[in-house]
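Asker: this one's sequence-less:
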C-alpha cells in the first residue's frame, strides 16, 4: 500500500535520493526553488526541512566531502553544507531565459550528469552534460549528447555498460553503450518508444495513454524503473527493454522514483501538483507529495559527487 510522506507537498517534486549517512530523503521542488530533506525516522513522522534557492534547481546529488552538488538554471553549483553558500563549478552555454537544467545524478565514478530542457518546447535544443571535478585541475563540463526537448530518465546500468536517457516530449527512452572508465557513449538506440498523447485526452478518459517518461532509476537486478507523467504509473523494464511490471500510483503525474531506507527496499516517488486541475487534485490528493511503497527487490545506493 502506498503511503504519503507528511509535510512533503511541492509544486513539482523531483530528484529524490536516499542519503545513507544521514538516513534521510532529499528531493527538490523545481518551481518552488527549494531543496527538501527529512529529519528523524522515515518510518514515523519525520520533520521536513526546506532550503530556498535563488533559481530553479533541476537536479542534485550528495557530495563525498559533505553537502550537495546542484544544477540550477544557469549552471552547476556546490554547497558544502545544508543552507550554505553556493559555489559556481561550471556555467552552461545556453540562454537561461528559456533553457534550464532538469534531470540528473552522479555515476559510480563520482561524476555529475545533468540534462537541460527547452521550456518553450519549440525545439530539441536540450543536451546531456557531465561534470568531472576529480583531480587537482578545474572542473570540466563536457557535452555528452543532445537533440532532446526535455532531458529526463537518466540512469546507469549496474554493470556500468549501459546509460539510459529520455526525452519526455518525444515519449522516448534511449540507451547507449557506455564505457564508464573512459566515459564514452556509443551506439545510441531506442530502448522504449511510447505512444503520443491522444488529441483531446484527459485524466477522466485515459483511453489507453501510458503517459510520458519522466525521472528514472535502476534496481539491484538491473531493471529500469521510469515514472510515467500523466500516466499514473511506474513502469519496470528489463535490460532487454521488456516490460516486467506496471505499478499504479495514487497520483496522475509521478515524476521520479528512488530507492531508500536502510535496506533500500522503500520505493519513494516524487510527483507534480502545479498545473493540474482542481478535479484531479480532489480525486488524487497525494499529488505533489512524496509517496512510498515497500518492494521485494532493493534498489542501489546513491552515488556521491567527488571533488
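Answerer: Thanks, I have the structure now. Note that the coordinates shown come from a computational prediction; the quantities given were computed from them, not determined experimentally.
Asker: all strands of the stretch 201-307 of the chain, in order?
Answerer: 212-218, 224-229, 233-237, 243-248, 254-260, 266-271, 291-294 (DSSP state E, counting those that start in this stretch).
Asker: and residue 305, which of the ones you listed is closest to it?
Answerer: Closest approach to residue 305 among the strands of the stretch 201-307 of the chain is made by strand 254-260 (16.0 Å; C-beta to C-beta). The C-beta positions use only the backbone N, C-alpha and C, and glycine is treated the same way.
Asker: tilt between the closest one and strand 233-237?
Answerer: 60 degrees (axes from the mean of the first three to the mean of the last three C-alpha atoms, to 10 degrees).
Asker: which helices and strands does strand 254-260 pack with?
Answerer: Secondary-structure packing of strand 254-260 (3 or more C-beta pairs under 8 Å, 6 or more residues apart in numbering; DSSP states H and E): strand 13-19, strand 212-218, strand 224-229, strand 233-237, strand 266-271.
Asker: Of these, which is nearest residue 302?
Answerer: strand 13-19 (4.4 Å).
Asker: related to what we said a few turns ago, any chance of the helices and strands packed on strand 254-260 in TSV, plus mean neighbour count?
Answerer: As requested, the helices and strands packed on strand 254-260 are exported to TSV (neighbours: other C-beta atoms under 10 Å):
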stretch	mean neighbour count
strand 13-19	25
strand 212-218	27
strand 224-229	26
strand 233-237	21
strand 266-271	27
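Asker: I'd like those strands laid out as TSV, including distance to residue 255.
Answerer: Below are these laid out as TSV (distance: least, C-beta to C-beta, whole Å):
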stretch	distance to residue 255
strand 13-19	5
strand 212-218	5
strand 224-229	6
strand 233-237	11
strand 266-271	5
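Asker: Would you mind telling me which of those strands is nearest residue 132?
Answerer: strand 13-19 (19.8 Å).
Asker: circling back to that earlier point, just send the helices and strands packed on strand 254-260 back as a markdown table, with mean pLDDT and distance to residue 178 too.
Answerer: Shown next, in a markdown table, are the helices and strands packed on strand 254-260 (pLDDT from 0 to 100; distance: least, C-beta to C-beta, whole Å):
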| stretch | mean pLDDT | distance to residue 178 |
| --- | --- | --- |
| strand 13-19 | 98 | 20 |
| strand 212-218 | 98 | 13 |
| strand 224-229 | 98 | 14 |
| strand 233-237 | 98 | 17 |
| strand 266-271 | 98 | 25 |
